[in-house]
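[1] A structural model of the following input is requested.
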Amino acid sequence: MSRIGKKPIAIPAGVEVQIDGSTVTVKGAKGTLSRTIHSNISVEMKDNEIIVSRPDDSKENRALHGLSRTLISNMVVGVNESFKKELEINGIGYRAELQGKAVNLKVGYSHDVILTPPEGVTVEVPAPNKIVVSGPDKQKVGQFAANVREVRPPEPYKGKGIKYVDERIRRKEGKAGKGGK
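    Prediction:
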């Protein structure tokens with residue numbers, strides 16, 4: 001039995017869950033999320049908890065069991081308290097600013113890079129070198145943060161670029177000179 005899959009998902013106060021066949025819809029203070037779960041996996045509600053189960057122990061069903069439970073759990077957490085990714089910009093002259101909902105990145109290219117977040121994802125720029133991406137859908141938040149980081153990933157020699165706040169960059173030593181002819 002999957003250790004992750006067999007854990008029940010507690011539903012916090014203020015969160016409403018509807019199960020319609022293989023579609024799970026979760027409503028909360030931060031928004032509404034809906035996802036269709038694989039037809040082999042069964043989802044049911046008992047005593048203010050969601051229980052995910054599988055029909056047999058085939059390899060595919062074991063993999064889908066834990067995945068489905070985690071996806072539903074992330075939906076419940078997201079509509080209740082929202083997910084957040086923080087990015088940091090390092091480099092002289094590198095900065096970010098908001099243009100409406102889009103974020104404008106000035107990171108050493110001859111042009112500005114403008115990225116528009118998907119529906120349900122909000123972007124804040126509390127400082128010119130800090131970007132905060134947040135929203136109820138963990139996958140969308142993580143993907144948009146990865147797209148922002150991809151514009152100028154941190155380089156290992158000076159550490160210039162866009163990185164996650166909790167990310168550590170392995171620094172390399174530059175060229176070592178010979179000392180003459």
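[2] Every contact and neighbour count from this point should use C-alpha atoms.
    Will do.
[3] Can you name the residues that contact Lys85?
    Neighbouring residues of Lys85 by C-alpha atoms under 8 Å, 6 or more residues apart in numbering: 132-134, 141-142, 145, 164.
[4] right, I mislabeled it, should have said Glu124
    Per C-alpha under 8 Å, 6+ apart, neighbours of Glu124: 98, 131-133.
[5] before we move on, what SS does it have?
    Following DSSP: H, G, I helix; E, B strand; the rest coil, the label given to Glu124 is strand.
[6] Spatially central residue in this structure, please.
    For the chain, the residue sitting closest to the mean C-alpha position, by C-alpha atoms, centre = their mean, is Gly142 at 2.4 Å.
[7] how close does that one sit to Gly31?
    17 Å (C-alpha to C-alpha, to the nearest Å).
[8] Ok, Val121 next?
    Separation of Val121 from Gly31 (C-alpha to C-alpha) stands at 11 Å.
[9] who's more crowded, these two?
    The neighbour count for Val121 versus Gly31, taken as other C-alpha atoms under 10 Å, is higher for Val121 (20 against 17).
[10] Now do the contacts for that one.
    133-137, 140-141.
[11] Return the set of buried residues in stretch 162-175.
    162-164 (16 or more other C-alpha atoms under 10 Å).
[12] Can you pull out the low-pLDDT segments for this protein?
    1-2, 177, 179-181 (pLDDT under 70).
[13] Give me the common contacts of Val121 and Gly31.
    By C-alpha under 8 Å, 6+ apart, Val121 and Gly31 have these common neighbours: Pro136.
[14] what does the helix or strand containing Thr25 contact?
    In this assignment (DSSP states H and E), Thr25 forms part of strand 23-28. Contact with strand 23-28 is made by 14-19, 32-37, 72, 75-76, 79-80, as judged by C-alpha under 8 Å, 6+ apart.
[15] In terms of helix, strand or coil, where does Gln139 fall?
    Classification of Gln139 using three-state DSSP returns helix.
[16] buried set for the helix with the most length in the chain?
    The longest helix of the chain (DSSP state H) is helix 59-81. For helix 59-81, the neighbour count (16+ other C-alpha under 10 Å) marks 61-62, 64-66, 68-70, 72-80 as buried.
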